[in-house]
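Asker: this one's sequence-less:
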């Protein structure tokens, strides 16, 4: 059992106000203690040189390990700056950090982009390809969405990327046309190659979880296919054995189906991918009649650790969630993004 | 509001335009887009690194495969392969090997010392108490030695070791286990590198073209025209056709076994392919007398097998190991099962006196320059869009699609590695000194004299 003389209470305050209290043992450096506690502390060399783990001592006593050299100048030290990888606490003390606690997460930014292509790909779906402008950048996790300001208006709409971060600066969106919709009006009547479009992102907690080898089920209704395309391409490029992916994609009518050539290519390139197409009504050779949820059945013998990604209208999400849980999937392994049509 | 900076397009080069009416139009090309993206090679595959005799006990060698610098060392009888790039300042450890024991290697610059088995930084020569020790390291690569060849599994840093497939997944199909599936009535069972008593003899050298251009040459059945005048063909009176045309829709069989290699077998010298021995209009006729039957197949990551070549009981393997996007290491290996020392000696004698001068050099030198002759058309992307394919090109196109499906990863363009920057002054100086860029690290030979 350690006595209080051997353990110091260290408070770390991030720039966004998030505060964490650590127990740092004698002889242990603050960085190691913080990383062991899972804090998002910036660091690289861990040997007093690179200065990534810079922090400011705001109260108490804490010095660099006796005799250790570092790249901090004496005047910086006198100001209270410390490198956490070299710093041992002498009793209770506090540090402030120059970055916020969400540093590991991608913060949304506003970016400018150019239209590369506007193309009708189904009766009511348009493919919009954007390219980030010189000096503009944003990144995202596969499955996330961006907000797009409809050019010439101050109306904002949200769409998931169909491309992956590796495709940047190119971004591709699939947009459903709605009668009288502001975005639809722009796409159908005014949008042209080289138009400038303001976007902001990324947003959303719906994204592909890393390094899951259990089978993946993806259920997409209409333009809910877009984030699935991004995730499938990401899985394809991930090193190591790839999980099997069962994609069920459904639309109301055969005329609404899109990106089928793309799905066929993914099927050729990713041996573990199986795609099922459904339409609610209307005969179609390549698609079954019904909804994409019912296309997944007990015959698929999904293991209990299978993960599911759902994207579509709220009714479909609710039905899919209930259906998959009945098939034995655990509710915490089901991730969903629902979209609703915006009013004009 | 007046201060707003104008929004500008990125300065990117627009892709070449593809004419829609071409045989290899956009849709066809799309089917093998991953292959087109693989200029730096496929990664997460087994590649030959060195012949065993090139790495004697205590030797350290540095090579580069698919843009990954790799160091090999043999110490106390054990083989190791780690990334040849110090985590500290990026120096290649192999350019001036410094080893203080049999289980580690030190960077000769600032003394970062790495465990060869795990890649972990386990010491720093002049800083043994550094807090960095034990917290970082370099990637390790699985190694396997068979029949006189050293193979390395070239992986991405985060490719899990438990997912590394066995070597035979990246080697050609074997016989007799495939005799029923791929019968070969015209020659005895083809030996394999993995057979007991197999002996591999060969050579490797650097070719100055993209690895895909090189690879597609070997199983392209119209390319044999480049061999029309080769000495061995006429000295041994071989019937080498002007070309071989596909004659049925099952001319090629895909190999897609779950527990085995992925590739394609071409049914040469069966009724599925038609050898062309005469072109009347051009006054050409093959008049040699001795049948020289062979069969070509290719498996990922680009391994050619020519069965029954150059003579009976022998097989020629070739690899086109990507070094960068414009260089590959050309491996020509002949394999024969030698049951006795006598067999081995005979094979070695024939290898030295006939196979090297007349086959691996004389005959295959033509392939080397033929590939380099294509390089400039493809180097900037032009060839991929503008090539005018013809009947015999079913072989490369099937291969491109198959490779797009079964590769385990597309190598990222090399960054921070040898020959990634084409115009650097060091590269220029080496060229001026008459040293072509290549596969091996440039060693610092004499520490006291330049």
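Answerer: Yes, it's here. These figures come from a predicted structure and were not determined experimentally.
Asker: ok, now how distant is the nearest residue to residue B:310 once chain neighbours are set aside from chain A?
Answerer: Excluding the flanking residues, the one nearest residue B:310 by Cβ to Cβ, 6 or more residues apart in numbering or on different chains is residue B:359, at 4.7 Å. To be clear about C-beta, it is placed using only N, CA and C from the backbone, and glycine gets the same treatment. Residue B:359 sits 37 Å away from chain A, going by Cβ to the nearest Cβ, to the nearest Å.
Asker: Make sure residue B:359 is indeed in a helix.
Answerer: Yes. Assessed with DSSP: H, G, I helix; E, B strand; the rest coil, residue B:359 lies in a helix.
Asker: ok, it touching residue B:231?
Answerer: No. Between residue B:359 and residue B:231 there is no contact under Cβ atoms under 8 Å: 9.8 Å.
Asker: shaky segments in chain A?
Answerer: Flagging of chain A using pLDDT under 70 yields the residue ranges A:1-5, A:103-105, A:340-344.
Asker: Closest to the centroid, which residue in it?
Answerer: residue A:141 (2.9 Å; Cα atoms, centre = their mean).
Asker: what sits against that one?
Answerer: By Cβ atoms under 8 Å, 6 or more residues apart in numbering or on different chains, the residues touching residue A:141 are A:106, A:165, A:202, A:207, A:208.
Asker: Show me where the stretch 1-150 of chain B has its strands.
Answerer: In the stretch 1-150 of chain B, the segments counted as strands under DSSP state E, counting those that start in this stretch are B:45-51, B:60-65, B:68-75, B:78-83, B:104-106, B:112-115, B:121-124, B:143-146, B:149-154.
Asker: Out of the ones you listed, which gets nearest to residue B:351?
Answerer: When these are compared by Cβ to Cβ, strand B:45-51 sits nearest residue B:351, at 12.7 Å.
Asker: What is the burial count for the closest residue in space to residue A:35 that isn't next to it in sequence?
Answerer: Of all residues not flanking residue A:35 in the chain, residue A:41 sits nearest, at 6.0 Å (Cβ to Cβ, 6+ apart). For residue A:41, the count of nearby residues is 24 (other Cβ atoms under 10 Å in any protein chain shown).
Asker: How far does stretch B:257-270 stretch from one end to the other?
Answerer: This stretch, stretch B:257-270, spans 23 Å end to end (Cα to Cα, to the nearest Å).
Asker: whoops, I mixed them up, stretch B:91-103
Answerer: Distance across stretch B:91-103, first residue to last, is 20 Å (Cα to Cα).
Asker: which residues are contacting that stretch?
Answerer: For stretch B:91-103, the surrounding residues in contact (Cβ under 8 Å, 6+ apart) are B:58, B:60-62, B:69, B:71, B:73, B:75-76, B:78, B:84-86, B:105-109, B:113-117, B:418, B:441-444, B:447.
Asker: Buried ones among those residues?
Answerer: Using 16 or more other Cβ atoms under 10 Å in any protein chain shown as the burial test, the contacts of stretch B:91-103 include B:60-62, B:69, B:71, B:73, B:75, B:84-86, B:105-109, B:113-116, B:418, B:441-442 as buried.
Asker: How confident was the prediction at the residue nearest to residue B:310?
Answerer: At residue B:359, the predicted lDDT confidence score is 96.
Asker: Report the buried residues of stretch A:229-238.
Answerer: Those buried within stretch A:229-238 under the rule 16+ other Cβ under 10 Å are A:229, A:230, A:231, A:232, A:233, A:234, A:235, A:236, A:238.
Asker: Which members of these are positioned in helices?
Answerer: If you go by DSSP state H, the buried residues of stretch A:229-238 have A:229, A:230, A:231, A:232, A:233, A:234, A:235, A:236 in helices.
Asker: Excluding chain neighbours, what is closest to the last one?
Answerer: Closest residue to residue A:236 in three dimensions, ignoring its sequence neighbours and counting by Cβ to Cβ, 6+ apart: residue A:270, at 4.9 Å.
Asker: for residue A:169, what are its contacts?
Answerer: Residue A:169 neighbours (Cβ under 8 Å, 6+ apart): A:131, A:132, A:136, A:137, B:10.
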